[in-house]
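Chemist: here you go, sequence then predicted model.
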Amino acid sequence: MPVSPMNRRAFVKKSAVTGAAVAAAGTVAAAPAEAAERGPAKPPKKNRTWTFSILGTTDLHSHVFDWDYYKDAAYSDSKGNSVGVARVATLIKQQRAAKGEEHVLLVDAGDIIQGTSLAYYFARVQPITDKGAPKHPMAVAMNHMRYDAAALGNHEFNYGIEVLRKFESQCRFPLLAANALDAKTLKPAFQPYTVKRICVPDAPDIKVGILGLTNPGIALWDKDNVSGKMVFPGLVEQAKKYVPRLRALGCDVVFLTDHSGLDGSSSYGDELPYVENASNLVAEQVPGIDAILVGHTHVEVPSYTVKNAETGEDVLLSEPYCWGYRLSVFDFELELVRGQWKVTSKTAQTLNPNTVEEDPEIKRLLEADHELVVKYVNTPVGTCTEDLSAAESCWKDVPIMDFIHQVQMDTVKAGLSTADAALPLISVAAPFSRTADIPAGSVTIKDIAGLYIYDNTLYGKKLTGAQLKDYLEYAAKYYYRVPAGTKVDTATLTNANSFWDYMYDTAAGVSYDIDIAQAEGSRIKNLSWNGTPVADDQVFVVAVNNYRANGGSGYPHIAAADIAYSSTNEIRQLMIDYVTAKGALDPKDFAVTNWRLTQDGTPVFS
């Protein structure tokens, strides 16, 4: 007669108790001679344990060597950092030697093929897509370092999908992106995950599932390259799909590499329905994750723990800064319990490579490529009548910014239709680098590249006067409020609201004041064009880079604005061409921007 589930549980419980009692009775009844024959009781057998590590880099941005191409000198900063995978490679060798080759995996969290003159050279000057062209230096370096996987970063898409696919083909490790999907089929456009096996003698292999997630912001920032080709759903949404799959495949450890920060913020406001910096949300909302290598935000987070809301388990996160400044080290200890490996402890830390030498083999492999780029960036393109510095560009109207504005306005003006050419033309641009300087005398490619460090292209978009004022008010939140009568300290004036320099636009072609004594949203004063106050319904053509034009940094109105001009030419190259054609840079030739900071109408700087 079948036993009901309730009765079965009672039966099993009762049987267990009865069996234990019988065993105990048998032990008591055993004869002394029999017990002596068996000998002393053996200690209980300990479960098998094993350790392994996952090493992580992120946001390398094509820094191979400890070199600054903009300064044509060894890299240096006030904190004593070094850059480049050549030094990191030495740390990795040390980790493998100390722990054993079979105990170490190596993973990256994206932004690999953009960011230095080396990257630009092999994407645009001597592209890796050309027949017979050499391999990308980052593919050569990372293959030598024996990476196991890398997530795609948003900057992987800057040079177009063809360049990215070529780089992918040169790598001996997978580029992962579970949330980069084909726009038509919605199937993965890249490999979502990989499973690595760690061999343990006389025990089952440890299966490590590595899931890669990229940034949803690609849909905005590289709209021109991916629109209609790929879509980028959220990290949480895709992790919920793939983490259970990795567990179903028998993975003992699930490790994520996310090109996404860990504070839950988004720089693009509500332009997208998915969070930009979502690694903390993934850890909290998706059960089954052991650890996450974090990227994208260029900060150092040696170790950070998030508790999963469903399981209560801790998820370990680490972000190793950028450019090869640091190496994240995740250490795992596992125990074999009834034939299944279980994680019993996990820790993370970051290591600094600034005390080790560069890997000699990477130097041997890539020294020629490096020298080729050094020669390229030192190519003279013209002269300059005076030194142009960007040191004060974040709080003063300076001529070096006028250079950017002039090139943008000249280029857009030449490409406008007859009707749009009748509209007033202005330009907006950000001070990307406070250390940029174009010297008096000879001007080289590196001088211009150091001023315009991103591979942006150019748009002309139409805004009304009212929309332009909103745009400039949004930019003005970059400044902390400083009441009238209070001394302004430039060291504490900028970057309010986590609004970084690359997010802050100034405008040329109009005149205006930014009153930092006023509350945000009420700071733009005396906005005028050609000496006349700007009317709300007045229409302007605004020269703007593609990042901002497509919604980058969340500026109002610009993403939805009508397009009057667009080009695939990079602004940096347009600036180089401008100097080459002119022969000489002279601030007298630049558009006058005429903006200033005030406190209750009184100019802050003379």
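Modeler: Now that the structure is in, tell me what you want to look at.
Chemist: rest of the way, CA atoms for contacts and neighbours
Modeler: OK.
Chemist: what residues sit buried inside stretch 427-438?
Modeler: Using 16 or more other Cα atoms under 10 Å as the test for burial, stretch 427-438 gives Ser427, Val428, Ala429, Ala430, Pro431, Phe432, Ser433, Ala436, Asp437, Ile438.
Chemist: and Lys207, what does it touch?
Modeler: With contact set as Cα atoms under 8 Å, 6 or more residues apart in numbering, Lys207 has these partners: Val195, Lys196, Arg197, Ile198, Gly250, Cys251, Asp252, Val253.
Chemist: that one and Ser78: what is the separation?
Modeler: 42 Å (Cα to Cα, to the nearest Å).
Chemist: and the residue lying closest to Glu284 once chain neighbours are set aside, how many neighbours?
Modeler: Setting aside the residues directly before and after it, Glu284 is nearest to Asn308 in space (Cα to Cα, 6 or more residues apart in numbering), at 4.2 Å. If you count neighbours by other Cα atoms under 10 Å, Asn308 ends up with 20.
Chemist: doesn't Val286 make contact with Asn308?
Modeler: Yes. Shown here, Asn308 and Val286 form a contact pair, counting by Cα atoms under 8 Å, at 7.1 Å.
Chemist: one step back: now, the most widely separated pair of the contacts of Lys207?
Modeler: Greatest spacing in the contacts of Lys207, by Cα to Cα: Ile198 and Gly250 (13.2 Å).
Chemist: related to what we said a few turns ago, so which of the contacts of Lys207 belong to helices?
Modeler: Using DSSP state H, no member of the contacts of Lys207 falls in helices.
Chemist: only whichever of these are buried, select them in PyMOL.
Modeler: In PyMOL, this line selects whichever of the contacts of Lys207 come out buried by 16+ other Cα under 10 Å:
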select buried, resi 195+196+198+250+251+252+253
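Chemist: so can I have TSV of the contacts of Lys207 showing distance to Tyr120 and pLDDT?
Modeler: TSV is the format used below for these (distance: Cα to Cα, whole Å; pLDDT from 0 to 100):
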residue	distance to Tyr120	pLDDT
Val195	33	98
Lys196	33	98
Arg197	36	98
Ile198	37	98
Gly250	42	98
Cys251	39	98
Asp252	40	98
Val253	37	98
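Chemist: just name the closest of the contacts of Lys207 to Gln340, please.
Modeler: Asp252 (7.7 Å).
Chemist: contacts only, for that closest one.
Modeler: Ile206, Lys207, Val208, Gly209, Gln340, Trp341, Lys342, Val343.
Chemist: so what's the backbone phi/psi at the closest residue to Val356 other than its chain neighbours?
Modeler: Using Cα to Cα, 6+ apart and skipping residues adjacent in sequence, the residue nearest Val356 is Arg87, 6.3 Å away. With angles defined as degrees, to the nearest 10, Arg87 sits at phi -70, psi -40.
Chemist: burial of Arg87, as a residue count?
Modeler: If we define neighbours as other Cα under 10 Å, then Arg87 has 26 of them.
Chemist: test my guess that it contacts Glu361.
Modeler: No. Counting by Cα under 8 Å, Glu361 is not a contact partner of Arg87; they are 11.2 Å apart.
Chemist: overlap of the contact sets of those two?
Modeler: Common neighbours of Arg87 and Glu361 (criterion: Cα under 8 Å, 6+ apart): none identified.
Chemist: contact partners for the closest residue to Pro483 other than its chain neighbours?
Modeler: In space, and not counting its chain neighbours, Pro483 is closest to Ala517: 4.4 Å by Cα to Cα, 6+ apart. Residues near Ala517 by Cα under 8 Å, 6+ apart: Arg481, Val482, Pro483, Ala484, Arg523, Thr598, Gln599, Asp600.
Chemist: cool, Lys241 as well?
Modeler: Lys241 neighbours (Cα under 8 Å, 6+ apart): none.
Chemist: most neighbours out of the contacts of Asp252, which is it?
Modeler: Gly209 (24 neighbours).
Chemist: so where's the stretch 101-250 of the chain uncertain?
Modeler: Nowhere does the stretch 101-250 of the chain drop to pLDDT under 70.
Chemist: the chain now?
Modeler: Counting by pLDDT under 70, the ranges of the chain that qualify are 1-45, 591-593.
Chemist: quick check: the gap between the closest residue to Lys413 other than its chain neighbours and Tyr75.
Modeler: Of all residues not flanking Lys413 in the chain, Ala421 sits nearest, at 6.7 Å (Cα to Cα, 6+ apart). Using Cα to Cα, Ala421 is found at 45 Å from Tyr75.
Chemist: ok, now Val534?
Modeler: Distance from Val534 to Tyr75, by Cα to Cα: 46 Å.
Chemist: neighbour count winner among the two?
Modeler: Val534 (20 against 17).
Chemist: what's the burial count for the closest residue to that one other than its chain neighbours?
Modeler: The spatially closest residue to Val534, leaving aside those adjacent along the chain, is Ser528, at 4.8 Å (Cα to Cα, 6+ apart). Ser528 has 16 neighbours, counted by other Cα under 10 Å.
Chemist: in the host helix or strand of Ser528, which residues are buried?
Modeler: According to DSSP states H and E, Ser528 maps onto strand 524-529. By neighbour count with 16+ other Cα under 10 Å, strand 524-529 contains the buried residues Ile524, Asn526, Leu527, Ser528, Trp529.
Chemist: identify the residue spatially nearest to the second one, adjacent ones excluded.
Modeler: Across the structure, with Cα to Cα, 6+ apart as the measure, the residue nearest Asn526 apart from its sequence neighbours is Tyr512 (5.2 Å).
Chemist: and the angle for the strand or helix carrying the one you found with strand 524-529?
Modeler: In this assignment (DSSP H and E), Tyr512 forms part of strand 511-515. Calculated by axes from the mean of the first three to the mean of the last three Cα atoms, to 10 degrees, strand 511-515 forms an angle of 170 degrees with strand 524-529.
Chemist: quick one: strands adjacent to strand 511-515?
Modeler: strand 524-529 (antiparallel), strand 595-599 (parallel) (DSSP bridges).
Chemist: name the SS class of the residue nearest the centre of the chain, please.
Modeler: In the chain, the centroid-proximal residue (Cα atoms, centre = their mean) is His296; its distance is 2.3 Å. Recorded secondary structure, His296: coil (DSSP: H, G, I helix; E, B strand; the rest coil).
Chemist: ok, it - contacts?
Modeler: Contacts of His296 (Cα under 8 Å, 6+ apart): Thr58, Asp59, Ala109, Gly110, Asp111, Gly153, His259, Ser260, Gly261.
Chemist: quick check on the residues you listed: which are buried?
Modeler: With burial judged by 16+ other Cα under 10 Å, the buried subset of the contacts of His296 is Thr58, Asp59, Ala109, Gly110, Asp111, Gly153, His259, Ser260, Gly261.
Chemist: now the fifth one, nearest residue through space, not along the chain?
Modeler: When you say that, I think you mean Asp111. Nearest to Asp111 is Gly153, by Cα to Cα, 6+ apart, at 4.2 Å.
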